[in-house]
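*Asks:* Have a look; sequence and predicted model below, questions after that.
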There are 2 protein chains.
Amino acid sequence: MGEKYQALLHHLMEIRNVNRAEALLGWDQQVNMPPGGSKGRAAQVATLARIGHEMLTDEKTDMLLKEAQLELGDVAYDSDEASMIRVTRVDYHENTCIPSDLIAEHAEATALGHNIWKEARAKNDFAAFAPILTRILDLTRRMADYIGYQEHPYDALLGQYERGMKSSEVKRLFDEHKPPLVKLIAQINERADRVSDDVLHRDFPLDRQRQFCTDIASAIGYDFNRGRIDVATHPFAITFNQGDVRITTRYYQNFISPAIFGTMHESGHAMYEQGVSPTLEGTPLSRGASLGVHESQSRMWENFVGRSKGFWTWAYPQLQATFPESLGDVSVDAFYRAINKVGQSFIRVEADEATYNLHIMLRFELEMEMVAGNIPVEKLPDEWNQRFEAYFGIVPPTDTLGVLQDVHWSSGLIGYFATYALGNMLAAQYWQQALRTHPEIPAEIERGKFDTLLKWLNVNIHQHGRKFTPAELTKRITGESIKSSEYMKYLEAKYGEIYGL
Amino acid sequence: MGEKYQALLHHLMEIRNVNRAEALLGWDQQVNMPPGGSKGRAAQVATLARIGHEMLTDEKTDMLLKEAQLELGDVAYDSDEASMIRVTRVDYHENTCIPSDLIAEHAEATALGHNIWKEARAKNDFAAFAPILTRILDLTRRMADYIGYQEHPYDALLGQYERGMKSSEVKRLFDEHKPPLVKLIAQINERADRVSDDVLHRDFPLDRQRQFCTDIASAIGYDFNRGRIDVATHPFAITFNQGDVRITTRYYQNFISPAIFGTMHESGHAMYEQGVSPTLEGTPLSRGASLGVHESQSRMWENFVGRSKGFWTWAYPQLQATFPESLGDVSVDAFYRAINKVGQSFIRVEADEATYNLHIMLRFELEMEMVAGNIPVEKLPDEWNQRFEAYFGIVPPTDTLGVLQDVHWSSGLIGYFATYALGNMLAAQYWQQALRTHPEIPAEIERGKFDTLLKWLNVNIHQHGRKFTPAELTKRITGESIKSSEYMKYLEAKYGEIYGL
């Protein structure tokens, strides 16, 4: 490594140290902080956020990038060095292209918007939310113009979360699997009474849930020497450094699913970050490729592994032994069906893996139109409800259960939703590719052996950190573009069997 | 508040936010961090330390101080504004007066010194430690010259922990009570068999210790809405903001004292910081006046309250009910005597309140000579052992149990030890003053009522934060200088009764 590249790396790692200290402030706030700490903590977070942003957007970053590039000359596209400069160059652009008064205006509008939304949702009063949403949309459009795009302003927004991805591509993916998905859900709904999840709502003492979830996380490969599990209202995974990647989960005495599947989901995120190449540690590349690719990892462990029959062939005897009073009379097959019951919910965050992408499509379509200015904000509730009926066959009785349910728009997170659905599609693609290389994986999972799968993920996905865009990574792994067909095939096979379609 | 003062305050609060974020990194490291996190965490701490130091030592601080001073004009010495500028001016001097290459050299030497000391202590090999200690002493002397002093270079070092205090004053205080203390200890040692602490080493289940200590901390006034208790190997109190002041403690199944008295000690520190005036929150004044004054608070709650007969008149029935198997046959008087047994220990950190100051005097005397260059480093073990025999009547059998026992010198903490002894003296002075104003306090404590005492401490000590030097504060409270006689009177009365002297 040359001297200039070394200097760049040092600067970037200093920035990352500030970001990660800020991350600890956030983790502690959700896990440990006493009620009195809020105000002081907010001030500390703001200071570190400001410092980290100033360090990144300093002209020094630009200069160091140029000098390092010059020194480096021609190196392989996928080398650590070339990737570092390429990715950081875009980070720098994204963080410097928007004038600071627009950023401040946006921050102010979304802070206000968040509070207005909270009240509007509580009171089922969309009209109260409409004006600030209009303002946020306007500011967002201006930000998109500064970021730049080729086809559609939405691309600029989407690109913040899925680098290099175009909205036309997401639209193609969604258009492709919306019709079969709508059809599948309709068929399932006709046979809703074939599956009951009552057994999941029996009595499950918290201590034993905690022990079981810890054991499962450890078994699938989450490294507790470099992590820990705590309790938080909203489960999440968070990285302080490669040797310290933590997750949180939650336990309900009368509902076993959130703890088990929340833990497996967050373990998936955490194992991704634990698996990044040590050569990238502490740099801007020492995290996942994108939100969508990250979600592919969490959903693979939660759903493709955790909600499979094979997994419970191994795990169910342990679960039964942990909760003999509640599960002694429940067969593994009944349990498997219960954890895969497809519900008819108005609420995205309660959705199962079968209906999930439909919730996202609805939001994506509306966002595209909103950003293009084709739907006036006051028409959003109608648009929402019409689409909801078309996709799910039911109409939300209130806006609280409809267009007002999500926090995202009020916080300025426009272009974000698609990442969740991409996660499902990518999980299916990567899973199928892993199985093509290692057809023994399903049989291994039935024996509680997960390292073949994890090692494949480590080598093919995790180690690369953020070197590649989602499309580049997917091409490297599967030789193909992102597609929805594997996901649809997976859903049709699984739910066809469960619901006897 | 004028515009310039406002600008100064904003700058100082930003610095403090960085310092406090760094404090959370440290807390988490000792309380939660998985083993893998060490390396990455050290890098984060270093980055925040560097940033915080750069912000404080920036010329901007000097300019803001000057401008604010000019704008402020003549205001009362004890006003928040005048104190802010006065105290920060000294902070700024202390942090800018030493050339950065000397600071770097000192940091390198002490990092090395700490590792060498650890090994030397383990191997009882003082000769291995002597060269690096010589180097640290040399660097420390040079730093003292840069800080500046009037009488003795040691004053510059001491002043870092006890602002404005001179070593001649400490020497006077120590010389004053060393003879009666040596005499008292000798008398107690002759009657050592009159007190047994065997009952403290029975079986005390950890869960119940935790509950009891939490109840006690809450009862004496530690506010759990603005704090929490965790477990750590080395107990400490730490402030993230006025609404979040945490403590740690430790539990041993076969020794009840560390948990109870550790919790009360750290609660004393924490109640100090919880009690600083809200007008000082987030500024450099929102902490204790000095290490010694801080220690006066922890030791007052630990010893003057926690090891008093009155306290256990109230608390013992609860303790007995918590541990009926182990304490059912132990009278409150036997328990009171057990927790006040005076031991003959070579080790400072195991010392009781009667012998504690003697350990400190020995170190203080040696440090004064070391800094003045009157004792060659290689003579330290002999000097240590001779003094130890003179004060305690016993000679450490090894240097590991003698001159090598403390971490301080290897870490460059020279001038620090005296603060512990000052804490004992100040605790006695403040306690007596509180009792002069509120003679009902001892009777209240017997009934589990602590708010008269806490409120007195709040008003007279806590609220002022770091506005005053230890001498100024003590003068305000007691009308007198710091003195040792109250402490000696307290020890002679208490231990005279216990040991029948």
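*Replies:* Structure received. Numbering: from 1, shown residues only, chains lettered A, B, ... in the order given.
*Asks:* Let me know how buried residue A:449 is, in neighbour terms.
*Replies:* 14 (other C-beta atoms under 10 Å in any protein chain shown). Backbone N, C-alpha and C define where each C-beta goes, glycine included.
*Asks:* right, I mislabeled it, should have said residue A:340
*Replies:* Applying other C-beta under 10 Å, we find 21 other residues in the vicinity of residue A:340.
*Asks:* got it, and residue A:501?
*Replies:* Residues lying near residue A:501 (other C-beta under 10 Å) number 13.
*Asks:* who's in contact with it?
*Replies:* By C-beta atoms under 8 Å, 6 or more residues apart in numbering or on different chains, the contact set of residue A:501 is A:184, A:187, A:188, A:191, A:492, A:495.
*Asks:* And the second one, how close does it get to residue A:194?
*Replies:* Right, residue A:187. 11 Å (C-beta to C-beta, to the nearest Å).
*Asks:* anything in contact with each of those two?
*Replies:* Common neighbours of residue A:187 and residue A:194 (C-beta under 8 Å, 6+ apart) are residue A:499.
*Asks:* Now do the contacts for residue A:405.
*Replies:* A:121, A:346, A:347, A:348.
*Asks:* Could you tell me the model confidence score at the residue lying closest to residue A:434 once chain neighbours are set aside?
*Replies:* Nearest residue to residue A:434, sequence neighbours excluded (C-beta to C-beta, 6 or more residues apart in numbering or on different chains): residue A:456, at 4.8 Å. Looking at residue A:456, its pLDDT stands at 98.
*Asks:* first to last residue in stretch A:28-44, what's the distance?
*Replies:* 12 Å (C-alpha to C-alpha, to the nearest Å).
*Asks:* So for that stretch, what gets flagged as buried?
*Replies:* Of the residues in stretch A:28-44, A:28-34, A:36-37, A:40-41, A:43-44 count as buried by neighbour count, 16 or more other C-beta atoms under 10 Å in any protein chain shown.
*Asks:* Can you lay out these as a markdown table showing secondary structure?
*Replies:* A markdown table is the format used below for the buried residues of stretch A:28-44 (DSSP: H, G, I helix; E, B strand; the rest coil):
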| residue | secondary structure |
| --- | --- |
| A:28 | helix |
| A:29 | helix |
| A:30 | helix |
| A:31 | helix |
| A:32 | coil |
| A:33 | coil |
| A:34 | coil |
| A:36 | helix |
| A:37 | helix |
| A:40 | helix |
| A:41 | helix |
| A:43 | helix |
| A:44 | helix |
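*Asks:* if I look at the residue in the stretch 1-150 of chain A that chain B sits nearest to, how far off is residue A:189?
*Replies:* Nearest to chain B in the stretch 1-150 of chain A, going by C-beta to the nearest C-beta, is residue A:40, at a distance of 2.4 Å. As for residue A:40, its distance to residue A:189 is 50 Å (criterion: C-beta to C-beta).
*Asks:* what sits against residue A:145?
*Replies:* By C-beta under 8 Å, 6+ apart, the neighbours of residue A:145 are A:153, A:156.
*Asks:* which element is it on?
*Replies:* Using DSSP states H and E, residue A:145 maps to helix A:126-147.
*Asks:* Now do the closest residue to chain B within the stretch 201-350 of chain A against residue B:43, distance only.
*Replies:* Distances between the stretch 201-350 of chain A and chain B by C-beta to the nearest C-beta are smallest at residue A:241, namely 2.4 Å. Note on residue A:241: its distance to residue B:43, by C-beta to C-beta, is 8 Å.
*Asks:* Show me whatever sits in contact with both of these two.
*Replies:* Common neighbours of residue A:241 and residue B:43 (C-beta under 8 Å, 6+ apart) are residue A:282.
*Asks:* how about the residues of chain A near chain B?
*Replies:* Residues of chain A found near chain B (C-beta under 8 Å from any C-beta of the partner chain) are A:13-14, A:17-18, A:20-22, A:24-25, A:28, A:32-41, A:43-44, A:46-48, A:51, A:223-228, A:240-244, A:246, A:281-282.
*Asks:* Among the residues you listed, name the ones in helices.
*Replies:* Of the residues of chain A next to chain B, the ones assigned to helices by DSSP state H are A:13-14, A:17-18, A:20-22, A:24-25, A:28, A:38-41, A:43-44, A:46-48, A:51.
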